[in-house]
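J.: whatever this is, show me its structure:
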Amino acid sequence: MRLPKGWLLGLTVVVLADLLIGYLTVESLNSFTGAHSHLPISSFFVDSAGLAPAVAGSLLAAVLVAFAGAFVLWLWRYSPEAISKHLGIGRSEDKIALDLSATPENELAKFTPEAIAKFLGVTRTPKTPVAERAANPQRGAMKVGELQLAENTETKPFVEVVQLEEYPLKIYAAVTKEEGREGYTYAVIEPSLSAAEKVRLADLKKLLVDELDVDLRSIQTPDKAERYLSTKMRELAKKYGYKIQPPAMTKLLYYLNRDFIHLGKIEPLMRDKLIEDISCDGAGIPIYIWYRDYESIPTNIVFETDDELDTYVSKLAYSAGKHVSLAEPIVDASLPDGSRLHLTFGKEVTQKGSTFTIRKFRTDPLTIVDLIRYNTLSSDVAAYLWYLIEKKLALLIAGGTASGKTTTLNALSMFIEPGEKIVSVEDTPELNLPHENWIQSVTRGVGTPGEITMFDLLKASLRQRPDVIIVGEVRGEEAFTLLQSIATGHGGLGTIHADSVEATINRLTTEPMNIPRSLVGTTLDCIVMQLKLRLSDRSVRRVVAVTEVVGHDRRTDEIILNDAFNWDPVGDRFAFTGRSKLFDKITQKYGTRPEEIRRDIDGRRVFLDWMAAKNIRGHTEVSNQVREFYAGPYAVINKARVELEGLKA
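T.: The predicted model follows:
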């Protein structure tokens, strides 16, 4: 254990050790010279134990050397402050460094956020949460004063430190703020390497490139690939005579796994669940991220040269199963984890060189309960839309870029009744549904020979007898086919880029979609308008309007609309306008009276409020609850109502 900071205790230990070493030296010399009768230890060895003076002296000398060696090791390893100040070693009170380079493997686990806070003598307090942070209570913030990020790195005040998950080492992400500079910086804290370790890492990378006889990405799982790489690295180290200590081996394996199996420099960013987008704008420019608590901020990760960035972009394309070159410098693809990837190569189309943008895919997608808790929409709006989906009405979710359209589409799609056949059509696979009876169709090679477009897939889907058709994004001629299929009785869901309901109608009725207004007015049932907005000092996503498409006026060629719900930006609330024309359409189609419709929607609202109150938010959990609801809706609603009243009481 480390000694306390008090110099007095450390100095006392040093003085006592010096006295003991001196005494053992005198005892040893007395045994050799025969003056053992005057000192107790040498007298015991020679007179009582019957040892020869040379043997007794040698034994005492061995004890002396062992104790002196242990004392020197203690001085070198723990360096009490009273001595370190004179020798120029150890920690300084003015600058505390989080140095992972000299940390033994068995001590790396000590660098937890709590341990760092205790080490610095600060209190770990949660940062004032934003709404989106409610679902991540484990990601508490920590006030830690100032830490040095890594070797030769400028010391910056840490606003927040979090430990990234799924790493054998303790890898940290820190949000920092420099004095005199506006905005924040996201810093990845990885184990630092000494100059010798950096040379060794470069050598091992070259050897692995030359001697690996298998593509690591072709191995079934990343865990198996990491085990294979670890075995191969140890074999090469032994073969070429590299003597690598366990702590250094652990660090080298981390960097080899990061660069050979995963996505290299940006892999820690991919592991942080609060990062939504990752963007590189060129060589020498910090990578920017969209961080849920701080929005768009730079990181401490930079691709220094054009060659380094070009090589990395080629690697990204290969990871996505695509090829990028100067002849085909633009690629849209999906990474193995489902994240959307857009990249450009060289300076053919982007003047600053190669670029890439990654929109991360959530393995645990946001559910309708998350959206209610974030106030993206209210339980009243969600229950209303649930009822429309259940009755197979056609919905389009409209909004701008990064407004959360696909997230809302995925959350609402969970309301499709279990057992119904779903066919989805997407450019890149983003939907994540719990339904078994689901065919997920994805386009292939758009713009190349043998291409399969959204239009081709949508036409094919009509031969698969779907109950519900989902189109990831409506943007071309497939829109006409979608509305025609809805007109024949299929349920339909999709998203479209537009910043208002009127813009949505205009996009549908003009090139390249060019759908007749009469078909839009009689087939499309509802437009859900979702936007990304600034509210106070933060960015939020809100369903600003739920607009019903009532019909088409032949005389004026206008589409008749009715607002069912509106969002009040002042109170950040959702209000029902008191009228719904779709109730009449449902009554004509199913014979359900308006009062029964209102009762059913209210029951679904109670059920959603109950899930939110019980924090039932996981993808699988919500799916199971919805299945239970469809198995016995009245029993589930009554149970939810009783438990909600109990919670309020």
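
J.: for residue 443, see how far away residue 513 is.
T.: Residue 513 is 17 Å from residue 443, where distance means CB to CB, to the nearest Å. C-beta coordinates here come from the backbone N, C-alpha and C atoms, glycine included.

J.: my error: substitute residue 241 in the last question.
T.: With the distance defined as CB to CB, residue 241 ends up 53 Å from residue 443.

J.: which one's more surrounded, these two?
T.: For residue 241 versus residue 443, the count of surrounding residues by other CB atoms under 10 Å is larger for residue 443: 18 against 6.

J.: find the nearest non-adjacent residue to that one, please.
T.: In this structure, residue 443 finds its nearest non-sequential neighbour in residue 427, 5.3 Å apart by CB to CB, 6 or more residues apart in numbering.

J.: the one you found touches residue 476, doesn't it?
T.: No: Residue 427 is not in contact with residue 476 according to CB atoms under 8 Å; the separation is 10.7 Å.

J.: who touches both of those two?
T.: Common neighbours of residue 427 and residue 476, counting by CB atoms under 8 Å, 6 or more residues apart in numbering, are residue 454.

J.: name the helix or strand for the most centrally placed residue in the chain, please.
T.: Using CA atoms, centre = their mean, the residue of the chain that lies closest to the mean C-alpha position is residue 273, 2.2 Å off. Here residue 273, judged by DSSP states H and E, is contained in no helix and no strand.

J.: phi, psi for it please.
T.: In terms of degrees, to the nearest 10, the main-chain angles of residue 273 are phi -70, psi -10.

J.: same check on residue 363?
T.: For residue 363, the backbone dihedrals (degrees, to the nearest 10) come out as phi -70, psi -30.

J.: and it, how far is that from residue 213?
T.: When distance is defined by CB to CB, residue 363 is 31 Å away from residue 213.

J.: who has more neighbours out of those two?
T.: Taking residue 363 and residue 213 together and counting by other CB under 10 Å, residue 363 has the greater number of neighbours (10 against 5).

J.: make sure that one is actually in contact with residue 337.
T.: Yes: with contact defined as CB under 8 Å, residue 363 counts as touching residue 337 (7.2 Å).

J.: so residue 427 and residue 476 - more neighbours on which side?
T.: Counted by other CB under 10 Å, residue 427 and residue 476 do not tie: residue 427 has more neighbours, with 17 against 14.

J.: how much space separates that one from residue 480?
T.: Distance, residue 427 to residue 480, using CB to CB: 18 Å.

J.: next: residue 647.
T.: Summarising the geometry, the distance separating residue 647 from residue 480, computed by CB to CB, is 49 Å.

J.: okay, those two: which has more neighbours?
T.: When residue 647 is set against residue 480 and neighbours are counted by other CB under 10 Å, the residue ahead is residue 480, at 18 against 11.

J.: excluding its backbone neighbours, what's nearest the more buried one?
T.: Closest residue in space to residue 480, ignoring its immediate chain neighbours: residue 515 at 5.2 Å, by CB to CB, 6+ apart.

J.: for that neighbour, phi and psi?
T.: Geometry field for residue 515 lists phi and psi as phi -90, psi 130, criterion degrees, to the nearest 10.

J.: what's the neighbour count on it?
T.: Burial measure for residue 515: 22 neighbouring residues, criterion other CB under 10 Å.

J.: hmm, residue 509 and it touching each other?
T.: Yes: Residue 515 is in contact with residue 509 according to CB under 8 Å; the separation is 5.8 Å.

J.: report pLDDT for the residue nearest to residue 443.
T.: Taken from the predicted model, the pLDDT recorded for residue 427 is 86.

J.: now do residue 78
T.: Here the pLDDT value assigned to residue 78 is 51.

J.: cool, the one 4 residues further on as well?
T.: In the predicted model, residue 82 carries a pLDDT score of 42.

J.: same question for residue 3.
T.: Among the per-residue scores, residue 3 holds a pLDDT of 41.

J.: next: residue 18.
T.: Among the per-residue scores, residue 18 holds a pLDDT of 67.

J.: pLDDT weak spots in the stretch 51-200 of the chain?
T.: 56-57, 60, 64, 69, 71-156, 166, 179-181 (pLDDT under 70).

J.: let's see that with 80 instead.
T.: For the stretch 51-200 of the chain, the stretches flagged by pLDDT under 80 are 51-159, 165-169, 178-182.

J.: now do the stretch 301-450 of the chain
T.: The stretch 301-450 of the chain contains residues with pLDDT under 80 at 362-363, 445-450.

J.: list the contacts of residue 324.
T.: With contacts defined as CB under 8 Å, 6+ apart, residue 324 is in contact with 313-314, 317, 331, 343, 345.

J.: of all pairs in those, which one is the farthest apart?
T.: Using CB to CB, the two most remote members of the contacts of residue 324 are 314 and 331, lying 10.2 Å apart.
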